[in-house]
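> need coordinates for the following:
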Amino acid sequence: MWEAWDANQHAHNLTDWSQEYDQFSQGGFYGRIDEVHLPEMQVFKEYTSHALGQQCNVWPDSLWLGIPVDERGCRINGHRVGEQDIMCQPGGHNFELVTPDAFGIYGLVVDRSWLARAAGEAARPLLDAGPERLTRLRLPRPTRQATTFLIERLLGMHDARFEPRVHQDILGLALQEILREETPNTECPPSYRHRRRVVDRVRAHLENGAALPVSLDELCRITHVSQRTLRYSFTSILGVSPIQFLRLTRLNRVRRHLCEPGVGTMVGQVAGDWGFYHLGQFSRDYRRLFGESPSATLARHRA
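Here you go, the predicted structure:
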């Protein structure tokens, strides 16, 4: 079991995943991961206290299934996850989750070659499909509940009676039931691809060293859309406005630097690098989002 009080630190606690988390909602963060490894299989349950933007990549040559604990919903690659949906992505491929406050998810990652041996031809549609088809899979409620029950029982076992092969076989049967009953959810609003491109252009602009802060008019010029379309694109794909996205991204980048300080790292210098020139306002915004002052973050990680 792993616990963390920083969103990005929490992102690195899941074994063999490459992840980066940005905190979207205000207050002190708490995250927990319960994890078990079986031969060619990883099983976990993750809890995060605050809304997050997650950039994720599962270990190569694997297939990930994600089952939200409740039905309040999240987004994967800008698609809303419905109450009948589970999520799926191949390993070695970047994908994005946007999750709400107090979010729990069960995860099951299996080696592709093991799945092919265990399920035979039944596994072929998932193993051959591209990431876009796999994004959301519809699954009957009883199958979903039976699978999460097995995962919960497995994660709760800490005694000498734990037999990895037995539990792997049981989960293998559950996977075969999922393969038999899942259907891809390919519903997509006509405007989805255009809105996704708008968000991706803004992200690329920031990652390519844009001068900060960036104005709304400049974002419209970069993306060749109106302010209304820009706003709709961000709220539908990420659940936040473009102005919120810019501010949250910059504050999270500052925090990431303060959590990994160099010898001469100073709060004012890092804040200025990310376009925060009014240090008083910056400190208030930082404390409101993360529940502590930027100087406290720096001091804690220096210590």
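
> quick check, L65 in a helix?
No - read with DSSP: H, G, I helix; E, B strand; the rest coil, L65 is strand and lies in no helix.

> what's across from it in the sheet?
C88, L108 (DSSP bridges).

> let's see the pLDDT reported for it.
If you check L65, the pLDDT there is 95.

> next one: P164
78.

> what is the neighbour count of D34?
17 (other CB atoms under 10 Å). For glycine as for every other residue, the C-beta is placed from the backbone atoms N, C-alpha and C.

> and it, how far is that from A4?
Per CB to CB, to the nearest Å, D34 is found 13 Å from A4.

> for A51, same thing?
A51 is 16 Å from A4, where distance means CB to CB.

> more neighbours, these two?
Set A51 next to A4 and count neighbours by other CB under 10 Å: A51 wins out with 21 against 18.

> any idea what sits nearest N8, other than its immediate chain neighbours?
Y21 (5.2 Å; CB to CB, 6 or more residues apart in numbering).

> the strands in the stretch 51-200 of the chain, which residues?
Here the stretch 51-200 of the chain has its strands, by DSSP state E, counting those that start in this stretch, at 52-57, 62-68, 75-76, 79-80, 85-90, 95-99, 103-111, 136-138, 183-184.

> may I see those organised as CSV, with mean neighbour count and distance to I222 added?
Shown next, in CSV, are the strands of the stretch 51-200 of the chain (neighbours: other CB atoms under 10 Å; distance: least, CB to CB, whole Å):
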stretch, mean neighbour count, distance to I222
strand 52-57, 19, 20
strand 62-68, 22, 32
strand 75-76, 20, 23
strand 79-80, 19, 24
strand 85-90, 24, 28
strand 95-99, 21, 20
strand 103-111, 21, 31
strand 136-138, 20, 30
strand 183-184, 14, 33
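
> which one of the ones you listed lies nearest to F44?
strand 103-111 (4.6 Å; CB to CB).

> list the contacts of the residue sitting nearest the centre point of the chain.
The chain has Q54 as the residue nearest its centroid, 3.0 Å off, counting by CA atoms, centre = their mean. The contact partners of Q54, by CB atoms under 8 Å, 6 or more residues apart in numbering, come to A11, Q19, E20, Y21, D22, E96, L97, V98, T99.

> over to G28?
Contacts of G28 (CB under 8 Å, 6+ apart): W5, F290, G291, E292.

> likewise for F290?
Q23, G27, G28, F29, L251, R255, T297.

> between those residues, which sits nearest L171?
Closest to L171, out of all of these and judged by CB to CB, is F29, at 30.4 Å.

> which residues touch the closest one?
By CB under 8 Å, 6+ apart, F29 lies in contact with A4, W5, D6, A7, H10, Q23, T48, S49, H50, F290, G291.

> give me the subset of those residues lying in strands.
A4, Q23, T48 (DSSP state E).

> sort these by pLDDT and name the bottom one.
pLDDT across these is lowest for A4, at 93.

> so what sits opposite it in the bridge?
Beta bridges link A4 to G31, judged by DSSP bridges.

> show me where pLDDT drops low in the stretch 101-250 of the chain?
Along the stretch 101-250 of the chain, the parts satisfying pLDDT under 70 run over 158-162, 209-211.

> can you give me the helices in it?
Under the criterion DSSP state H, counting those that start in this stretch, the stretch 101-250 of the chain contains helices at 112-119, 124-128, 131-134, 141-155, 164-181, 192-207, 216-223, 227-237, 242-259.

> L126 - how many residues pack around it?
If we define neighbours as other CB under 10 Å, then L126 has 22 of them.

> show me the contacts for it.
L63, C88, L115, L134, L179, E182.

> please apply the same query to E132.
By CB under 8 Å, 6+ apart, the neighbours of E132 are N77.

> mind checking how far it is from R196?
Distance from E132 to R196, by CB to CB: 11 Å.

> where do the contact lists of those two overlap?
With CB under 8 Å, 6+ apart as the test, E132 and R196 both reach N77.

> give the buried residues for whichever strand or helix holds A296.
Using DSSP states H and E, A296 falls within helix 294-302. Buried residues in helix 294-302, counted by 16 or more other CB atoms under 10 Å: P294, T297, L298.

> without its sequence neighbours, what residue ends up closest to the second one?
Going back to what we said before, that points to T297. In this structure, T297 finds its nearest non-sequential neighbour in L258, 4.5 Å apart by CB to CB, 6+ apart.
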